[in-house]
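Chemist: Kindly return the folded structure for what I paste below:
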Amino acid sequence: MALPELTFSLQFALRHDPELAARQRAALPRAKAMRWLREALAAGSDLPGEITVRVVDEEEGRALNRDYRSKDYATNVLTFDYSQEPVVAADLVLCAPVIEREAEEQGRTLQAHYAHMLVHGALHAQGYDHETGEADAQEMEGLETEVMERLGFANPYA
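Modeler: Next up, the predicted model:
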């Protein structure tokens with residue numbers, strides 16, 4: 001199966017915490033992140049993508065969540081989707097401290113949790129939503145599980 005084309009940018013905005021930045025870079029190598037996103041595109045719409053991933057600290061994550069979703073806390077992934085056709089265009093913002101905490105709490109590797117958050121965010125960018133109803137949540141979680149297993153990771157909802 002040929003995977004969709006992807007124009008991809010990966011940014012680490014963690015210059016104030018070099019140790020945090022080093023852990024994130026090790027867990028989120030560019031080539032793997034691209035593969036994870038391409039698999040999510042293939043599962044969702046099979047359209048090409050233009051996706052920027054920005055890994056941020058808790059302060060930036062909280063500010064973006066507050067300003068764009070009126071929720072005053074940092075969340076794991078924010079998806080800013082700009083188009084779904086003919087190209088999936090989006091920015092995904094990943095909050096490194098939140099993702100690290102969640103990975104530890106869930107007993108998963110940091111890399112596995114990053115893979116899940118990228119797949120999750122890419123499906124949101126394609127119009128999938130888990131907050132609009134139980135059927136939509138089941139559809140999205142099913143796709144996430146399918147992609148994660150295809151990538152060699154465990155079911156994130158098990």
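Chemist: Identify each of the strands in the protein and give its residue range.
Modeler: With DSSP state E, the ranges of strands along the chain come out as 6-13, 49-56, 77-83, 88-95.
Chemist: For my notes, please list these in TSV and give mean pLDDT and mean neighbour count for each entry.
Modeler: To be clear about C-beta, it is placed using only N, CA and C from the backbone, and glycine gets the same treatment. Conversion of these to TSV gives the following (pLDDT from 0 to 100; neighbours: other Cβ atoms under 10 Å):
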stretch	mean pLDDT	mean neighbour count
strand 6-13	97	15
strand 49-56	98	22
strand 77-83	97	17
strand 88-95	98	23
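Chemist: now the helices for the protein?
Modeler: Secondary structure of the chain, counting by DSSP state H: helices at 18-27, 30-44, 58-69, 96-106, 110-125, 134-150.
Chemist: quick one, which of those helices is nearest to A2?
Modeler: helix 30-44 (8.5 Å; Cβ to Cβ).
Chemist: what is the orientation angle of the closest one with helix 18-27?
Modeler: 60 degrees (axes from the mean of the first three to the mean of the last three Cα atoms, to 10 degrees).
Chemist: in this protein, what spans have low per-residue confidence?
Modeler: 1 (pLDDT under 70).
Chemist: give me that answer again for 90
Modeler: Along the chain, segments meeting pLDDT under 90 span 1-2, 15, 129-137, 158.
Chemist: how far does stretch 115-131 sit from the chain's center?
Modeler: Put simply, stretch 115-131 sits 7 Å off its chain's centre (Cα atoms, centre = their mean, to the nearest Å).
Chemist: on that earlier part again, highest mean neighbour count out of the helices of the chain?
Modeler: Sort the helices of the chain by mean neighbour count, taking mean count of other Cβ atoms under 10 Å, and helix 110-125 sits at the top with a mean of 24.
Chemist: Convert that one to PDB, retaining C-alpha atoms only.
Modeler: This file holds the C-alpha atoms of helix 110-125, laid out as PDB (Å, rounded to 0.1, in the frame of the first residue of the first chain):
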ATOM      1  CA  LEU A 110       7.300   8.200  25.500                       C
ATOM      2  CA  GLN A 111       7.700   7.200  21.800                       C
ATOM      3  CA  ALA A 112       4.500   5.100  21.900                       C
ATOM      4  CA  HIS A 113       2.600   8.000  23.400                       C
ATOM      5  CA  TYR A 114       4.000  10.500  20.800                       C
ATOM      6  CA  ALA A 115       3.000   8.100  18.000                       C
ATOM      7  CA  HIS A 116      -0.500   7.900  19.400                       C
ATOM      8  CA  MET A 117      -0.800  11.700  19.800                       C
ATOM      9  CA  LEU A 118       0.300  12.300  16.200                       C
ATOM     10  CA  VAL A 119      -2.100   9.700  14.900                       C
ATOM     11  CA  HIS A 120      -4.900  11.300  17.100                       C
ATOM     12  CA  GLY A 121      -4.100  14.800  15.900                       C
ATOM     13  CA  ALA A 122      -3.800  13.800  12.300                       C
ATOM     14  CA  LEU A 123      -7.300  12.100  12.400                       C
ATOM     15  CA  HIS A 124      -8.700  15.300  14.000                       C
ATOM     16  CA  ALA A 125      -7.100  17.200  11.000                       C
END
